[in-house]
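Chemist: Dropping the sequence and predicted coords here.
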Amino acid sequence: MSITQDVRTYLLTQSTVTAQVGTRIYYDHLPQRATLPALVVNLITSVSQREVDAASGTARARVQVDCYAATYAASASLGELVRKVTEQYTGTMGSTTVDRAHVETVTELDDGPTDGSDAYRYIRSLDVVLWHSEALPIT
C-alpha cells in the first residue's frame with residue numbers, strides 16, 4: 001500500500017474521526033455533491049532518506065488532509081480531531097510503521113459556491129509529516 005492509503009486506513013480506525021465523517025475519506029479530491037463533512041487525503045511529497053552509500057529504509061512523507069464541512073466551525077472542529085490523532089503518533093498506519101508523525105502546517109480555506117447559492121464549503125487543511133519505514137531496494 002502507499003502511505004496515502006495507509007493514512008486513510010488509519011483515519012478510518014479512529015472513532016472520533018469516523019463519528020464525524022463515517023467512511024467519507026477520499027483520495028486526491030472531493031467527489032461532486034459529496035456529503036459533508038468529509039476528508040480528502042493527498043500525498044504532497046515523499047523522500048527516501050539516504051546514508052552515505054545506500055538507502056536507509058526510512059522515508060519522510062508529507063500528506064495533506066483536507067477537512068471539508070458546511071460551516072467554518074465544523075471544519076475547524078474536524079481539523080482538530082485529525083490533529084489530535086496524528087500529532088506525535090508512532091505505531092502502525094495500515095501496512096506502514098510510523099516512527100514519528102506531526103502536523104507541520106494548518107491552513108484555512110473556503111470553496112465558494114458554483115451554483116449561485118451562498119453555500120460555501122469550508123476547509124481546514126493539515127500537512128502531516130510522517131517519518132516511516134520503507135522497503136529497501138534490492139541490490
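Modeler: Now that the structure is in, tell me what you want to look at. Numbering: from 1, shown residues only.

Chemist: And the helices in the chain?
Modeler: 3-12, 15-21, 72-86 (DSSP state H).

Chemist: Pick the most deeply packed of the ones you listed.
Modeler: By mean neighbour count, with neighbours taken as mean count of other CB atoms under 10 Å, helix 3-12 ranks first of those at a mean of 20. Every residue, glycine included, has its C-beta placed from N, CA and C.

Chemist: Between helix 72-86 and that one, find me the angle.
Modeler: 100 degrees (axes from the mean of the first three to the mean of the last three CA atoms, to 10 degrees).

Chemist: Show me what helix 3-12 is in contact with.
Modeler: 1, 17-18, 23, 25, 27, 39, 41-43, 46, 59, 61, 63, 65, 82, 85, 92-96, 128, 130, 132 (CB atoms under 8 Å, 6 or more residues apart in numbering).

Chemist: Got a ChimeraX select line for the buried ones in the residues you listed?
Modeler: The buried residues among those can be selected in ChimeraX (16 or more other CB atoms under 10 Å) with this line:
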select :17,25,39,41,42,43,46,59,61,63,65,82,93,94,96,128,130,132
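
Chemist: taking the contacts of helix 3-12 one by one, which sit in strands?
Modeler: Counting by DSSP state E, the part of the contacts of helix 3-12 found in strands is 25, 27, 39, 41-43, 46, 59, 61, 63, 65, 92-93, 96, 128, 130, 132.

Chemist: Low-confidence regions, this structure specifically.
Modeler: 1, 49-56, 113-116, 135-139 (pLDDT under 70).

Chemist: Nearest spatial neighbour of the residue nearest to the spatial centre of it, chain-adjacent residues omitted?
Modeler: Central residue of the chain (CA atoms, centre = their mean): residue 65, 3.2 Å from the mean position. Leaving aside its sequence neighbours, residue 65 sits nearest to residue 126 (CB to CB, 6 or more residues apart in numbering; 4.9 Å).
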